[in-house]
Structures are given as structure tokens and as C-alpha cells.
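Visitor: okay, here's the prediction I keep looking at, along with the sequence it came from:
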Amino acid sequence: MRLHRSAENRGAMRALLLPVPLLLLALAAPAEEKKAAISPLPAGQTRVFEAVVIGVEGTAQARTKPDQPWKQLVMNDKLSPGVVVRTGRESHVALRVGPNATILIERQSRVAIPEIVQDGDKLKTRVSMAFGQTDVRVDRIGLTNDFEVATPTATLAVRGTVFRISWDAVSGARMVGVQGNKLRAIEISYLDGIKAYLSRADRTNEDYKLPAIASYYETYILPLLGANSEEELDDPEQQPTDALTDPKNRTRLEAAQKMRASEDRSQSPGSPTDNPNDPTGGTANQGG
């Protein structure tokens, strides 16, 4: 027998639970660490940093080469670039990655960190997520942030903010920022060529890649259907059939579908700009 929460309860729980890991992540670094600045290196010089375990719960393992055994992580473990981390059920691990980033790898995730390096006045960090969910905070410490998170279908370029990214084979990539996210601080490049930017608490997913469309879908279409998340909408047992069959609602849904189809056409090859919401047509990061 399956128990169903009311729409009000689902919405309340979602509002309470979603921000917690992001808020904890925002408070993870000591105040003095947030204020610390790092001097640029002379031209041509580089410095390699490590990731340090600052919190772990449950099964969280790491290895740097495919032929190595997995090792359970403990507090203060130091991880070299190239490390791959995996977490089990009801598990998570928090890492301080170099001098400017903190990541919280949630349960049942696999994440690699192939590069953590300072090159002159730039901090270059690469994170690759095979699947799962990760919360990320990138701090500004006086150098240029070159921080990227890659998934199988999308890559985020981050200049300095807090956000959540998840990926699975069914839903693809999903990203959400927080209220403190600077204007256009996250640039997302999808494999099909679509480019989008996240500001403040914007979000995107594989079906609704542009923040404006994703916001319209979540704030208008989902409440119309009585669902509080895409997972609930995809679950036949959670779908309220009266909302789907009501003629007035059907007309609204068709209008939303036409809106999405129009957006897809604007992103077809030959479009003058990668992002129709970007009046400049630019492709470079525009983080504030």
C-alpha cells in the first residue's frame, strides 16, 4: 500500500528540505578562509592543490586509478587531482577543493575531480559527475575562477556562487541556484548547442533548459496539474486525472506546449544567438 502526501504537505516538505544542504554548504568554510586572498603566481608558473575531506557520513570511498581498491574516506583525508569519489545509500561527503571551492557529494553519487590548479592569476578546477547529486559553493578569493562541472549531457562554467547539480540517465542534468547567485554567474552549455545562464534561484533541466521556461513550468504548469515536482508528474499514481482531462486545463497545457515548441525552434541550427534571452548574443561568462 502506497501512502500519498497532500499537495500542501509535499510543498511544505520540499520547501523545508531543499535549501538545507545548500545552506550548510554556504557555512562550511571558516570566516577567515572566506576572506583569505591568494596572490597570483608569476607568468608560466602553476601550483597543484588537493581536496580535503571536511565531513563524511556513511559509505564514502575514493580512489585515483581504476586498478586501485576503493578506500573509505575519513575526516581530513587529502585527495590528489584525478580522484574519483563514490557514495552509498544514506551517505554523503563534503570536500574543500583547493582554496576556493566546497562540494557536498550526496548519496549514491559518483564524482571525479581531475584538475585543481592555480595558473598565474587563475584558479582552474574541473569536476566531472557521472551520476548523482552534488551541491557546490565557489568562493571569490582574489583570483579569476575557472570552475567547471561536467555531466554526460551538460557543462557548467561557474564564476562564484552556490548551486546544486544532479544527473541521472532518466532525467538528465538538472541545475538550481540560490538567492545569492550573482547575475548570470552560471553558464550552462548543453551538448545540443543550447546555452543558458542562471541568476539567483533560477533552475533548468533537460526538458526545460532555459530558466524562464523552467520557471514557467514549475510555477504555473505543475500547480495546475497538482504536482509539486517533475518526479511526481512522471509518477502515474501521483497524476490527478481531473486536471489533465478538464477542457480548460487542456487548453492551457497545449498553450504551454506551443510555447516550448517555439523555444525549441529558436534554438535550432542557424539561430543568430545561442540564447534568445541574451540580447548580446554573447557566449562568454557574464557573472557578476
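Guide: Sure thing, it's come through.
Visitor: what's in contact with the helix or strand residue 118 falls within?
Guide: Using DSSP states H and E, residue 118 sits in strand 110-119. For strand 110-119, the surrounding residues in contact (CB atoms under 8 Å, 6 or more residues apart in numbering) are 38, 41, 45-51, 79, 81-87, 95, 97-98, 103, 105, 123-132, 134, 143. All C-beta atoms are positioned from the backbone trio N, CA, C, and that covers glycine.
Visitor: tell me the strands beside it, with direction?
Guide: Note on strand 110-119: by DSSP bridges, its sheet partners are strand 46-48 (antiparallel), strand 83-87 (antiparallel), strand 122-138 (antiparallel).
Visitor: how is the protein partitioned into domains?
Guide: Using automatic domain parsing, the domain ranges for the chain come out as 9-206, 209-271.
Visitor: any idea which of the ones you listed scores lowest on pLDDT?
Guide: Ranked by mean pLDDT, the domains of the chain bottom out at domain 209-271, which scores a mean of 57.
Visitor: buried residues of stretch 149-164, list them for me.
Guide: 149-151, 154-164 (16 or more other CB atoms under 10 Å).
Visitor: restricted to strands, list these.
Guide: If you go by DSSP state E, those have 149, 150, 154, 155, 156, 157, 158, 162, 163, 164 in strands.
Visitor: was I right about the last one contacting residue 176?
Guide: Yes: contact between residue 164 and residue 176 holds when scored by CB atoms under 8 Å: they sit 5.0 Å apart.
Visitor: re earlier: dump the ones in strands among the buried residues of stretch 149-164 into a markdown table; add distance to residue 67 as well.
Guide: Shown next, in a markdown table, are those (distance: CB to CB, whole Å):
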| residue | distance to residue 67 |
| --- | --- |
| 149 | 26 |
| 150 | 23 |
| 154 | 30 |
| 155 | 28 |
| 156 | 30 |
| 157 | 32 |
| 158 | 32 |
| 162 | 36 |
| 163 | 34 |
| 164 | 33 |
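Visitor: now, which of those sits nearest residue 59?
Guide: residue 164 (21.4 Å; CB to CB).
Visitor: and that closest one, how far from residue 221?
Guide: According to CB to CB, to the nearest Å, residue 164 and residue 221 sit 21 Å apart.
Visitor: residue 132 contacts residue 87, correct?
Guide: Yes: taking contacts as CB under 8 Å, residue 132 lies within contact range of residue 87: 7.2 Å.
Visitor: who's more crowded, the two?
Guide: residue 87 (25 against 21; other CB atoms under 10 Å).
Visitor: for the stretch 151-288 of the chain, which segments count as helices?
Guide: 211-216, 222-225, 230-234, 241-245, 247-266 (DSSP state H, counting those that start in this stretch).
Visitor: no wait, the stretch 1-150 of the chain
Guide: For the stretch 1-150 of the chain, the helices defined by DSSP H, counting those that start in this stretch cover 7-17, 19-26, 31-35.
Visitor: what's the overlap in contacts for residue 132 and residue 87?
Guide: Each of 105, 106, 107, 108, 109, 110 lies in contact with both residue 132 and residue 87 under the rule CB under 8 Å, 6+ apart.
Visitor: pull the number of nearby residues for residue 85.
Guide: 24.
Visitor: on the strand side of things, show who it bridges to.
Guide: residue 62, residue 111.
Visitor: hang on, isn't it packed against residue 106?
Guide: No: the criterion here is CB under 8 Å, and residue 85 misses it with residue 106 at 11.3 Å.
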